[in-house]
Each structure stands twice: as C-alpha cells, then as structure tokens.
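[1] Take this sequence and fold it.
(one chain, ligands or ions: 1)
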Amino acid sequence: MSSKLAPRGQRPWWRDAVTYQIYIRSFADSNGDGIGDVGGIRSKLGYLKKLGVDAIWITPWYPSPQKDHGYDVADYLDIEPDYGTLKEGELLIQEAHDLGIKVIIDIVPNHTSDQHKWFKEALASKSGSAARDRYIFREGKGKNGELPPNNWQAVFGGPAWKRVTESDGKKGQWYLHLFAVEQPDLNWENSEVVKHFEDVLKFWLDKGVDGFRIDVAHGMFKESGLPDVRSSWIEKIFGKNNLTRMLSPEHKPFWDQEGVHDIYRSWRKILDSYDGDRMAVAEAWVSPASRIAKYVRSDELQNSFNFEMLTTLWKADEIREKINNSIDALAEVGAPTSWVFNNHDVVRSVDRLDLGLTNHGDTTFSRHGDVKKLSIVRGTLRAKSATLMALALPGGIYLYQGEELGLPEVRDIPEDRLTDPRWQMSNYKDRGRDGCRVPIPWKSSSGGAFGFSSNENLTPQQAWLPPSSWWGKYSAESQESDPNSTLNVYRKALAIRKNEAGLGDGAMEWIDAPSQVVAFKRGEDFACYINFGNEIELPSNSEVLHSSAPLNGNFLPTDTAVWLRVSK
Ligand code: NOJ
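    Down below sits the predicted model:
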C-alpha cells in the first residue's frame, strides 16, 4: 500500500500529521478564573505554530457538569460557559486555520451526562418508554429486582449499573454506566440516538472543524442480551480493584462489538461529503493491532490511536515487535499508524519510561509511588528518545500538551484536591489521572499559577488543579532560549520532520544494528537510531541531523535517539 502513496503534501494531511492534544481545562486561562478556556487556546496559537504542529485536538468543550471533566456532555451543540462561547470557538477555528493548523474536537457518543435533557426525561418517564429507550435501562435480578442486571464493572471501579427511584418513590429499573454513575450509556440501537449524532457531526463540520476524536469508539454497542462476563475472567477483566482493564485480551461483551463499524461507515460518508479531507480518529482501546485495523478500513475512520506503545516495556526487542505488528496490521487496510506515548488518561511518559514501564495497566504504580528509584533524568532522556523514534516512524503522532516541556507526572497533589472520579469510585485506592492534567507552566514564577492564568494574582492553589511548588522549573519560559531544552528538541524535530520527504507515512526499512538498538531507515537517506543499552558508535558514513540529547562525540549514549543523514 505505501508504495502507492502520493508524495507528502499531495496526500490527505491526516496520514502524516503531528497532532497536539489540548486538555482545555489545563492549557491556558484567559479570564483569570483558574480554569483553562477557549480564549487561552487562542492566545497560545502562536506558540503552537512555533512548535510546528499540524493540528490540535481539543478535549470536550461542551456544557458539562464536569464530573469527568467534559466527558460527561450535557449538550453537544454548544460550548461550556466556563470555557467560552460558540462565537469564540468559531474564532479559534478560523485563527488556527489562518496559521495552517487543523482543528479536531472530541465527540463523546458512548454516554451523555446525567444532566443531559434526554437523561432527565428518561428518569421522569416510565419503564418501557421511548425516553428510556435512548439509554440502557433494565430490570434488576433477584426477587425484587434488587440485584444489578449483570456482573459488569465500571471502568472507574464499582458496579456498572445504578438503580433509579421511580416517580412513585419506589426503587425501579437499573441503568448502565460503563464509566461514572453520572455518565449513562446511550442505546445505539435507538434511531433517534443515531440521527442526533449525525446532526452533531454536521453542526461542527459546518463550523469548520477538520475532524473528531471519538471517545470510547469501541464501546457504543453491547453484546445482545447483555450477558454476564464469564466468572473465570472477572479478575482478568476487572482486576483486583474492579477497574476495567481496557486492553486485557479476554473477550468483553461491552467492547469492540461489530455494530460499531456500521456507525463509522455512515460517519465516513458524512465526513466525505465535506471538502478538505475531514477526518475522525478512534479512541479504541483494543488489542492486538489487527483489531485496531478494523476501525480504519477504507470506508470507516481515517485514524485510530495506536496504544501499543503504552503496553510495551522499554526494551528494544519488544518495541521492534510492536512496530512491526502495528505497521503490518494497518498496511493490510491501507491506513497510517497513529503513535501515542501520552494522553490525559495515562501517567506521563517521563515517569513511566523511567520505571521501564510503558504499560497502561501499571500506570497506577507510579501514581501511588513506589518511586524511590525514580530519576526524572533517565525518564526525560527516554521520553525524548521515544518521541524522536515515533516522529520518524511511518504515520502520524498524537502529542499531549506539556510533553514538549518534559513535564513529569505530578504525584504530590494533596488528596483533598484530587478530582478524577477514579479516586472516589476505586474507594480511594487509585489516585486517578489528575497527575498528568496539572495546568501548564508557561512562566517560571508562581504568579498566575506559573503563568497558566492571565490573572497574575491567581496563586497555584487557586488553579482548578494545583501545581506543586517545583512546577516553574519546567516552564516554557525557562526553556525558551536553551537550545538543549526539551521544548527546543521538540521544535527542531518537528521542523526537520516537516521538510523531510521520507518522513510521515510511507515505507520503512530496518537497519542491522546491535540488539539493544532500534534502527531504521526512511526514504533515500534518513535514518533513526534509538539506543536502549550501552553506548554505541554511530555509522561512519553519516551526518547528525538531530538528537534527543547531546551525543558523546561519535557515540550514541544510552537512552538517546539520533536522526542521521546516511550515504545512499
Ligand atoms: C476516554 C477519555 O479519554 C477519558 O478521559 C474518559 O474518562 C473516558 N473516555 C470516558 O468518557
């Protein structure tokens, strides 16, 4: 397939793009209330342009009670007042486009907020009503319906069902929520649900967005009859803490059902009916890569996050294997790979990779902190190498805000300031994902919560999630003029990548190298080496274009990546 690819610039942008994820609540606060907003994003477009990204993905900006920070949507056709107005959203799209930056927004079709008008209507209606049919309501088991309809657990912990009190004051039906109690699952077999989301897509496409990131893209259909999870698999699927293990290989009756693909076929038609290569990217926590490939067949979605690197140890042979598997699986369907090392749901790669873990399932390990041996220095080196590797591999990449600053996970957020529903739903066993969502430090001094807020008087404690006292040393300001800062390593890498015809989507070729080294060639004369072991000498016929950290003369140190121009 790759051999038939049109050259860079002549093929759809989403085959190669570097997309920067903006967690809107924590990116930049323009009105001084301690919460990030649309105005904040607009004020940083210049920074993003200089960084060199092709696109931004904005996490949900819809009106929401924020029980899961926007992934509980109360109205899909508006913007959360704390974040701004529809008009400001339109201006942001326009201004980003003027700078040549595409805009992807999040869409959350698996569930709504319990404050969505549909759910309120469902609660006020009777069992069997049309209003209840938009969600997944069922009678309970047991003599009086006192037991949940099946044994499914919510991703954040605890049962996936909640019993409602009916209008006569009696306990009644149960509704399904695969995530928080406040996130009831929609019934995608209901035609009104299907139609509404088509209208939502068109509404935002008409406003000019270039694409959608589809939340829980593998979840919208459930196996018919909602069967129990096999008892021998319960521990494997839900783990000790009853938190659903997204990527465990056992078949789950609530994920990755065939029905989801019909939805994407119809969404693809809508996307294609607009000009300008509009696209969608699936957040589908499915494994192995051959299952991911199904979401990006030629009549379905354009991208699907490749989470394989989150379940790989920091070891050359494992990484090589994951690269091969991913590329082979997607080549079958002609889709590009979309590499991911960070997002708002996983421990930041600086911490994860320092511990040698890239494993999503183990991310709570570093959150809880048996982290005595954790050295941010080693983690930072590895995280930068991982980025140079992914930027050189075929396909595109999704970066997460702050990784260009080398931000580590914040593990000392006081317990009474934790906001992630995982914390409470896991009975306070799992601190959750707040540690990777702390507001971005734009400035070194603490005023305005390290420059996060336009309000200079806002203290770090007054930001919606408080940064720790040491946060300022990672600021964009402090890294601006240091050529070796993480920020400048990223900037240079993105600048080179933009002009390097052999990078982005296309073919790659493995280079023979010592077993602790991952080395591959792109195009005619571009090579990338990542060293997972002892220092090695670089090939003699090469010129250094860029490296993740300073080299040792002609030697590539441990945990370092280098980009080379090699003789043909
Ligand atoms: C995946 C999102 O990335 C995560 O942040 C959210 O909690 C769940 N989906 C539920 O919407």
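[2] Next, count neighbours for the nearest residue to Pro159 once chain neighbours are set aside.
    Leaving aside its chain neighbours, Pro159 sits nearest to Pro148 (5.3 Å; criterion: CB to CB, 6 or more residues apart in numbering). Every C-beta, even on glycine, is put in place using the N, C-alpha and C of the backbone. Neighbour count for Pro148, taken as other CB atoms under 10 Å: 19.
[3] And Leu313, by the same measure?
    16.
[4] mind listing what Ser469 touches?
    For Ser469, the contacting residues are 446, 460, by CB atoms under 8 Å, 6 or more residues apart in numbering.
[5] if we go to 10 Å?
    By CB atoms under 10 Å, 6 or more residues apart in numbering, Ser469 lies in contact with 412, 446, 450, 460.
[6] Pull up the gap between it and the ligand, please.
    Noted for Ser469: a distance of 27 Å to the ligand, by CB to the nearest ligand atom, to the nearest Å.
[7] Got the phi and psi for that residue?
    Reported as degrees, to the nearest 10, the phi and psi values for Ser469 are phi -60, psi -30.
[8] roughly how far apart are it and Asn455?
    Separation of Ser469 from Asn455 (CB to CB, to the nearest Å): 19 Å.
[9] Give me the secondary structure label for the residue in the chain positioned nearest to the ligand.
    Per CB to the nearest ligand atom, Tyr71 is where the chain lies closest to the ligand, at 3.3 Å. Of the three states, Tyr71 takes coil under DSSP: H, G, I helix; E, B strand; the rest coil.
[10] got a list of what it touches?
    Applying CB under 10 Å, 6+ apart, we find Tyr71 in contact with 59-60, 62, 64, 106, 108, 110-111, 113, 179-180, 183, 215-216, 344, 421.
[11] Do you know the pLDDT at the residue nearest to Pro159?
    We note a pLDDT of 97 for Pro148 in this prediction.
[12] Quick check: it touching Trp161?
    Yes: assessed by CB atoms under 10 Å, Pro148 is found in contact with Trp161 at 3.9 Å.
[13] intersection of neighbour lists for those two?
    Counting by CB under 10 Å, 6+ apart, the residues touching both Pro148 and Trp161 are 138, 140, 174, 176.
[14] Look up the residues forming beta bridges with the last one.
    I take that to be Leu176. Here Leu176 sits in beta bridges with Trp161, going by DSSP bridges.
[15] For it, give me its contacts.
    Neighbours of Leu176 in contact, by CB under 10 Å, 6+ apart: 111, 135-138, 148-150, 152, 154, 159-162, 183-187, 222, 226, 254.
[16] So which of the residues you listed would count as near the ligand as well?
    Near the ligand, judged by CB under 6 Å from any ligand atom, there are no entries from those.
[17] Any buried residues in the strand or helix carrying Met389, and which?
    If you go by DSSP states H and E, Met389 is part of helix 376-392. For helix 376-392, burial by neighbour count (16 or more other CB atoms under 10 Å) applies to 378-392.
[18] Same question for stretch 501-512.
    Residues of stretch 501-512 classed as buried under the neighbour-count rule (16+ other CB under 10 Å) are 502-506, 508, 511.
[19] Check stretch 265-285 too.
    Those would be 267-268, 270-271, 277-285, for stretch 265-285 by 16+ other CB under 10 Å.
[20] If I look at Lys252, what pLDDT would I see?
    Looking at Lys252, its pLDDT is 87.
[21] That one belongs to a helix?
    No: under three-state DSSP, Lys252 sits outside any helix and is assigned coil.
[22] Grab the nearest non-local neighbour of it.
    Ile237 (6.0 Å).
[23] Show me how far the helix or strand containing the one you found is from its chain's centre.
    Using DSSP H and E, Ile237 sits within helix 234-238. Offset of helix 234-238 from its chain centre (CA atoms, centre = their mean, to the nearest Å): 24 Å.
[24] do stretch 324-337 as well
    Centre-to-centre, stretch 324-337 and its host chain are 20 Å apart (CA atoms, centre = their mean).
[25] That stretch: which residues count as buried?
    For stretch 324-337, burial by neighbour count (16+ other CB under 10 Å) applies to 325-327, 329-331, 333, 335-337.
[26] Equivalent analysis for stretch 295-315, please.
    Buried residues in stretch 295-315, defined by neighbour count with 16+ other CB under 10 Å: 295-297, 300-314.
[27] Kindly report the same for stretch 217-231.
    Neighbour counts over stretch 217-231 (16+ other CB under 10 Å) mark 217-222, 226, 229 as buried.
[28] In those, which has the lowest confidence score?
    Out of the buried residues of stretch 217-231, that is Val229, at 91.
[29] which residues touch it?
    Residues counted as contacts of Val229 (CB under 10 Å, 6+ apart) are 150-153, 236-238, 244, 250-254.
[30] just Ile292 next, same as before
    Residues counted as contacts of Ile292 (CB under 10 Å, 6+ apart) are 218, 256, 282, 284-286, 304-308, 325-326, 329-330, 333, 335, 337-338.
[31] measure it to Leu310 for me?
    Distance, Ile292 to Leu310, using CB to CB: 13 Å.
[32] Now list whatever residues contact both of the two.
    Shared contacts of Ile292 and Leu310 (CB under 10 Å, 6+ apart): Trp285.
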